[in-house]
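*Asks:* below are the sequence and a predicted model; questions follow.
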Amino acid sequence: PEWSSLFHPPMRCYVPFEGEQVHCEPLMQEQGLVFDYPTYNMNYKNEASYQWFYALAPRKLSSKWFDTLIKVSAHAGTVVATWHSEGVYLTEPDFVPRFTKKSEDDGVLLSVAYNATEDRSFLFVFDAGALIIVDFYPLDQVVPFHAHGLMCIRGKCYPNP
């Protein structure tokens, strides 16, 4: 894909309750960064002070599909961690918080991945703090790209994102 023509620079917009105009400003410090399918820790998502979000990105503008998972500092507008493996393409991650709730990024990210070299799909479990794989499970069939799942935690369900 021609990534730079498909995506506009990400913006953070402020919507006042009354009277003022909507105000938008660039979200990221790095110009030209392309990403999509952001996800958050649902326990923090609606707080103005949330620190982290995660998203899929092409590693290079020549990438065939989303092949990199990124962790972004929402305050600084910078990518603080990435995960990439050559020939592996990811689906939209889902954040699952740990019950300990030590910090906003205390949890795991789940993503179905397609390994083009092996022609196999896997369920990857990433540590959300460090973006390292903590476990993976081979799937019995190739799973096509999909997005916008539903996350249920302790009887409450949230759409992703």
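*Replies:* In hand now; what should we look at?
*Asks:* list the buried ones in stretch 23-41?
*Replies:* Leu27, Met28, Leu33, Val34, Phe35, Tyr37, Pro38, Thr39, Tyr40, Asn41 (16 or more other C-beta atoms under 10 Å). Quick note: C-beta positions are derived from backbone N, CA and C, even for glycine.
*Asks:* show me which of those residues is closest to Pro10.
*Replies:* Nearest to Pro10 among the buried residues of stretch 23-41: Leu27, at 4.1 Å, using C-beta to C-beta.
*Asks:* before we move on, the earlier item: so which of the buried residues of stretch 23-41 comes closest to Leu131?
*Replies:* Nearest member of these to Leu131, counting by C-beta to C-beta, is Thr39, at 12.9 Å.
*Asks:* surely that closest one touches Leu56?
*Replies:* No: Thr39 lies out of contact with Leu56 (C-beta atoms under 8 Å); the separation is 9.3 Å.
*Asks:* thinking again about what came up before, farthest pair within the buried residues of stretch 23-41?
*Replies:* Val34 and Asn41 (23.2 Å).
*Asks:* can you tell me which residues contact Tyr44?
*Replies:* Tyr50, Gln51, Glu104 (C-beta atoms under 8 Å, 6 or more residues apart in numbering).
*Asks:* just the helices in the chain please.
*Replies:* 3-6 (DSSP state H).
*Asks:* would you map the strands across it?
*Replies:* Assigned by DSSP state E, the strands in the chain fall at 11-14, 23-26, 36-39, 52-57, 68-73, 78-84, 88-90, 94-97, 107-115, 120-127, 132-138, 150-153, 156-159.
*Asks:* closest to Trp3 out of those?
*Replies:* Comparing the strands of the chain by C-beta to C-beta, strand 52-57 comes nearest, at 9.0 Å.
*Asks:* if you average pLDDT over the closest one, what comes out?
*Replies:* Taken as a whole, strand 52-57 has a mean pLDDT of 95.
*Asks:* which residues touch it?
*Replies:* When contacts are defined by C-beta under 8 Å, 6+ apart, strand 52-57 is touched by residues 33-41, 66, 68-74, 82, 90-93, 95, 104-105, 109, 128.
*Asks:* most neighbours among the contacts of Tyr44, which one?
*Replies:* The most crowded member of the contacts of Tyr44, judged by other C-beta atoms under 10 Å, is Glu104 (21 neighbours).
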